[in-house]
Structures are given as C-alpha cells and as structure tokens.
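[1] Prediction below, plus the sequence it came from.
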Amino acid sequence: MLLGDFIKLSLSSVIFHRTRSMLTALGIAVGIASVVLLTSIGEGVNRFVLGEFTQFGTNLIAISPGKSTTFGVSGAIVNNVRPLSIEDAESLRRLPFIQAVVPMAQGNSAIEHGKRTRRTIIYGVGADMPRVWQMKPAICRFLPADDPRFARPFVVLGSKVRSELFGTENPLGKRVRIGSESFRVIGIRESKGQPLGFDLDDAAYIPTHKAMALFNQDSLMEIDLLYRPGSDSETLSEQIKKSLIQRHGNEDFTVTTQDQMLETLGSILDILTLAVAALGGISLLVGGVGILTIMTISVTERTTEVGLLRAIGARKRQILWLFIGEAVVLASLGGLAGLIIGAGGAWLLGVDSCAARSHTLELCAACRGDSRRYRPGCRGCSCLAGSRT
C-alpha cells in the first residue's frame, strides 16, 4: 500500500463520518482543555499563596519568645524563659549580614480623634519596618530612627484607619489619642489589603517602646530580621542562637527562617497542584476511552471494507495501521483544539481585571507653599521629617 493511499483511506473515514468524528475529537478536546485549565488554576493558586506569603520579603528570619521542648524532667527545673527585649534586637543588629531589625509588640486599643473613635490593632515597630516588611508609606514618611528607649510619640496610620477617623481631611500633623497618650500623625501607610487574612490597613504603627508601655508588656512578641540576599539562612540562624544564648543563658526562644516556612508551604501547594491535575487527567482518560469505543464500533461497521482489503492483498498490519491512523487524526484534532481552548481559558483567567490604582499626592499647607520641600518621587510632604515635637 502506497503512503498516499494509506493517508487517503485514513482521512476518508474521518471525513465520511463527520458527526461521529467531531464528537470523538470533542471528547479529547474537553479532556485536554480540562488538564490545561485545572493545572493552570492549581499553579495560579500556588503562585497566589506564595505571593501573599512572600510579599513582605523572602530574606527574613523571625525570633519569638519561648521554645517548644519536651523535657525528661520537670520543665520548671531546667526552663528559665527570659523575655525578648529591645536590647536583644539591638544586639542582633550588629551581627554580620543583618541589614535591618524590627522589634515588634502588638495590642488592641481605641484610637480617638475629635468625636470619632475606632478600636483597632496597634503595632509597636521600629524605623526599619518599611524595609523589612516592604511596606512603603503612601503619604509622607514612616517612624523616624529615634533611640528605641526615648522614641517620640509619632504614629503612622493604616489607610482604613485614616479614612475612618479623618475622612477626606488631611491627617498629617494632627493628634490622635491611643490609650492615655497623645500621638502625632506623621504618615499614612500604603494599602496592602488582607494578605493571609490579616487586615494590615486597619492598624496603626507606633514605636515599639511606646507600645510595650501602653499594653504593659515586658517581652516583645517577635523580632524580625532582614538579612543580605545570598546569605545562608541556616548559618545566620546558628549565629543568632549563639548570640541570644549568651544573653539569656539558655535557648528560651524559637528562630524560624522563611526558607523553612516556604518549604513546608511549597510541599502542601505541590500536592494541591498534583491533585487538581489528576482531576483533569480523569477527563483526559474519559476522552481516551471514548476514542477506543468509537474505533471498536468503527471496526465492526467496516467488516466488509476490511474483507475487501484482505481480498486484494492487504496485510493485517496494514489494516491495523489504517485504524490507528484514523485514531491519530482524531486525537490530533481533539488535542489541538483542547490546547487552544485550555491555553485561551488560562490566558483569560490570568488577565488582570483590576484597573491601575492612582495615588494622589497629598501635601500639607506648608509643603504646598514651598516647592523646595517636594522632591521628585516623593509621595507626601516632608515637613515632619525633622520635627522634634
């Protein structure tokens, strides 16, 4: 049998039974499209969760007070937990490859301005927080780098707190009361939404020492460290442990690197992606079974044609390849259509429907009247940067 005759006979059956061929190819197309779409959705979920988790940076190490340990004797005999202090955070700043440190305290309190009051989360942080957490101020600036023990009563508001307390009024330079102390607003933090379920826009940020005094805390909730890219997190973790053990006398703290958290999260997300792809594979298997069924029926219907081919000298292998060729044509057409549908659907899912947010530059009256205080790229006024009151 000539190659041209082989191709002609394979295609003629597909063309003659148009409806059956179209439905068979459709089954394969649906299976392929399902695999592509579900795999794309799984990968999209993977990237979304990792993006939410790493939007605060990837070169981070967190230190929390206390250590979960099983003792062979009474824990009271060997366990002597000292609180994490601001001095601990300052000592870690001197370690090699550490670029920034954020000692953090947290509590819940009411913020008052005029006749408006809103209860929200208060974070006690340091001046390096925008660098460590990658949270830039949208208006003006963040907390200044004061001596941690004598930090001035400044506050940076989240975007939601600002809108609830001040509305359209410019909050810069205004006073708000948190607990029993008055704080001066020096900046508004950019909106971050709700990463991992935490509404960081509905929060206020004050110096760490002020927060510890406000909530009567003798220990930091956490110390976050930003280390130089390319450094070995495990080596740095060991250095941090040695430094704190020298200060505390024993290991009464927990050091967690972001690499460890990402490794655990990544393994969970990989299983999720695999499970979603397996569901698409089931659809593809159903399409394959559909082709097998149709080809079996086709062989039964074309018994006369097979007999004629055998009568004129066709071998069994040649007849087998005729049916395999027909199946290849159907699978190729369905596969190509499925790839186009699946890729198009994945592209549509990946289209960002959110319009670009425009940020309005807000300046106080003094800065609006003094062009020297505005620098290219500045997104707020700078008059409070050097203020000591």
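    Cool, the structure landed.
[2] May I have the single longest strand found in the chain exported as CSV, CA atoms only?
    Longest strand in the chain, counting residues (DSSP state E): strand 98-113. What follows is strand 98-113, C-alpha atoms only, in CSV (Å, rounded to 0.1, in the frame of the first residue of the first chain):
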residue,chain,number,x,y,z
ILE,A,98,22.0,41.5,59.1
GLN,A,99,20.6,44.6,57.2
ALA,A,100,17.6,45.6,59.3
VAL,A,101,15.8,44.7,62.5
VAL,A,102,12.2,45.2,63.6
PRO,A,103,11.4,44.6,67.3
MET,A,104,7.6,44.1,67.4
ALA,A,105,4.9,44.4,70.0
GLN,A,106,1.2,44.2,69.4
GLY,A,107,-2.0,45.0,71.2
ASN,A,108,-5.5,46.3,70.6
SER,A,109,-6.7,49.7,71.6
ALA,A,110,-9.0,52.5,70.7
ILE,A,111,-7.8,55.5,68.6
GLU,A,112,-9.5,58.7,69.2
HIS,A,113,-9.6,61.9,67.1
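[3] Please identify which helix or strand holds the residue nearest to I7 when sequence neighbours are not counted.
    Take I7 and drop its neighbours on the chain: the residue closest to it by Cβ to Cβ, 6 or more residues apart in numbering is G325, 7.5 Å away. Every residue, glycine included, has its C-beta placed from N, CA and C. Secondary structure assigned from DSSP states H and E places G325 in helix 316-350.
[4] Please spell out which residues along that helix are buried.
    Buried residues in helix 316-350, defined by neighbour count with 16 or more other Cβ atoms under 10 Å: 319, 322-323, 325-327, 329-331, 333-335, 337-338, 341-342, 345-346.
[5] Quickly list what I121 is bridged to.
    N108, A203 (DSSP bridges).
[6] Per-residue pLDDT of V286, please?
    Per-residue pLDDT puts V286 at 77.
[7] Test my guess that it contacts S34.
    No - with contact defined as Cβ atoms under 8 Å, V286 does not count as touching S34 (9.3 Å).
[8] quick one: which of those two has more around it?
    S34 (23 against 14; other Cβ atoms under 10 Å).
[9] In terms of helices and strands, where is that one?
    Using DSSP H and E, S34 sits within helix 18-54.
[10] next SSE after that helix?
    In the C-terminal direction, the helix or strand that comes right after helix 18-54 (DSSP H and E) is strand 60-65.
[11] could you say what helices and strands that following strand packs with?
    strand 222-227, helix 233-248, strand 253-257, helix 258-301 (3 or more Cβ pairs under 8 Å, 6 or more residues apart in numbering; DSSP states H and E).
[12] D128: which of these is closest?
    strand 222-227 (7.3 Å; Cβ to Cβ).
[13] export that closest one as CSV, just CAs?
    What follows is strand 222-227, C-alpha atoms only, in CSV (Å, rounded to 0.1, in the frame of the first residue of the first chain):
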residue,chain,number,x,y,z
GLU,A,222,8.6,38.9,67.8
ILE,A,223,11.9,40.2,66.3
ASP,A,224,12.1,40.2,62.5
LEU,A,225,15.4,40.3,60.8
LEU,A,226,16.3,41.1,57.2
TYR,A,227,19.5,39.6,56.0
